[in-house]
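S.K.: Here's a sequence, model it:
(one chain, ligands or ions: 2)
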Amino acid sequence: MTEHKATNVTFHHGSVTRDDRAALLRHKGATLWFTGLSGSGKSTVAVAVEAELTRRRRLCYRLDGDNIRMGLNANLGFSEEDRVENIRRIGEVARLFADAGLIVLSSFISPFRADRDRVRQLHDEHGLPFIEVYIDVSLKTAEARDPKGLYKKARAGAIKDFTGISSPYEPPEQPELTLTTDTMSLEDETAAVIAALEAQGIIPA
Ligand SMILES: Nc1ncnc2c1ncn2[C@@H]1O[C@H](COP(=O)(O)OS(=O)(=O)O)[C@@H](OP(=O)(O)O)[C@H]1O
Ligand SMILES: Nc1ncnc2c1ncn2[C@@H]1O[C@H](COP(=O)(O)OP(=O)(O)O)[C@@H](O)[C@H]1O
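M.R.: Ligands and ions are numbered 1, 2, ... in the order given. I've put the predicted structure just below:
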């Protein structure tokens, strides 16, 4: 758990509300939390959903594991402790962006259930929608895809603590949505995510 070092701090409220921002943007802020193995399709689905939302003139923003690890989280590796901190930070960023009114598309392996549940709780506490999307794939398929050649390296022992090979992945127990990318088409996956946003009243149908 994070040690709270900041003491004597007081939250400063402004006069513009989240509802004001939602009225400006014509949709609510929310976080779509894609979780799954490397190569499951998190980034591919997020990119497709981003394109469809933009086509519909809804403001969204992708937070992607590889990208964030080049900047904000460049000081974190893949030990259990670093992955916990990675998800804690990105959960806070997602919560802030969702509060700002954006539809956040977050693509992190986020292998630990407790970490994802903490991000969900954070959103709940702030009255923000959190939609967990399990990008389900068999290890066999993910390894056969191996889009970045990482499984090959992990099998050869060149990458340690690799999710699915030498580091655990805990699937969600009650995700809002499961997309099985072994068998579904990208088109159907995208449509299912958009339908979930409509069903929750985040974007109009
Ligand atoms: N050891 C190890 N295990 C898993 N993944 C690794 C590792 N080393 C590097 N990579 C690359 O980092 C991307 C995963 O970063 P994340 O921030 O999503 O990981 S985590 O949520 O903290 O587990 C992951 O991206 P995706 O393939 O898009 O999932 C990999 O490109
Ligand atoms: N139905 C599908 N949904 C998503 N990706 C798919 C699907 N079928 C094949 N793929 C391919 O699988 C790979 C997934 O890679 P990526 O999106 O980077 O995964 P992740 O972000 O989970 O690591 C891509 O090369 C993509 O084209």
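
S.K.: Run through who's touching the worst-scoring helix or strand of the chain on mean pLDDT.
M.R.: The helix or strand of the chain with the poorest confidence is helix 65-68; it has a mean of 92 (mean pLDDT, DSSP states H and E). For helix 65-68, contacts defined as C-beta atoms under 8 Å, 6 or more residues apart in numbering pick out 42-43, 86, 90, 93, 107-109. All C-beta spots, glycine's among them, are computed from the backbone N, C-alpha and C.

S.K.: Is the helix of greatest length in the chain positioned near ligand 1?
M.R.: Longest helix in the chain by number of residues (criterion: DSSP state H): helix 80-100. Yes: interface with ligand 1: helix 80-100 contributes 83, 86-87 (C-beta under 6 Å from any ligand atom).

S.K.: Please convert those to CSV, extending it with neighbour count, distance to ligand 2 and pLDDT.
M.R.: Listed next are these as CSV, based on neighbours: other C-beta atoms under 10 Å; distance: C-beta to the nearest ligand atom, whole Å; pLDDT from 0 to 100:
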residue, neighbour count, distance to ligand 2, pLDDT
Arg83, 21, 15, 97
Asn86, 22, 15, 98
Ile87, 27, 15, 98
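
S.K.: Nearest to Cys60 among the residues you listed?
M.R.: Nearest to Cys60, judged by C-beta to C-beta, of the residues of helix 80-100 next to ligand 1 is Ile87 at 20.1 Å.

S.K.: which residues touch the closest one?
M.R.: Residues near Ile87 by C-beta under 8 Å, 6+ apart: 108, 110, 112, 115-116, 118-119.

S.K.: ok, and which of these reach ligand 2?
M.R.: Filtered for proximity to ligand 2 (C-beta under 6 Å from any ligand atom), those leave an empty set.

S.K.: Pull the most distant pair out of those residues.
M.R.: Checking those with C-beta to C-beta, the most distant pair is Phe108 and Arg118, at 13.2 Å.

S.K.: C-alpha coordinates for the longest helix of the chain, CSV please?
M.R.: Only the C-alpha atoms of helix 80-100 are listed here, as CSV (Å, rounded to 0.1, in the frame of the first residue of the first chain):
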residue,chain,number,x,y,z
GLU,A,80,5.1,-7.5,-8.5
GLU,A,81,5.7,-4.3,-6.5
ASP,A,82,6.3,-2.2,-9.7
ARG,A,83,3.2,-3.6,-11.4
VAL,A,84,1.1,-2.7,-8.3
GLU,A,85,2.5,0.9,-8.4
ASN,A,86,2.0,1.0,-12.2
ILE,A,87,-1.7,0.2,-11.9
ARG,A,88,-2.2,2.5,-8.8
ARG,A,89,-0.8,5.5,-10.8
ILE,A,90,-2.7,4.8,-13.9
GLY,A,91,-5.9,4.2,-12.0
GLU,A,92,-5.5,7.7,-10.6
VAL,A,93,-4.8,9.1,-14.0
ALA,A,94,-7.8,7.3,-15.5
ARG,A,95,-10.0,8.7,-12.6
LEU,A,96,-8.8,12.2,-13.2
PHE,A,97,-9.4,12.0,-17.0
ALA,A,98,-12.8,10.5,-16.4
ASP,A,99,-13.6,13.3,-14.0
ALA,A,100,-12.5,15.7,-16.7
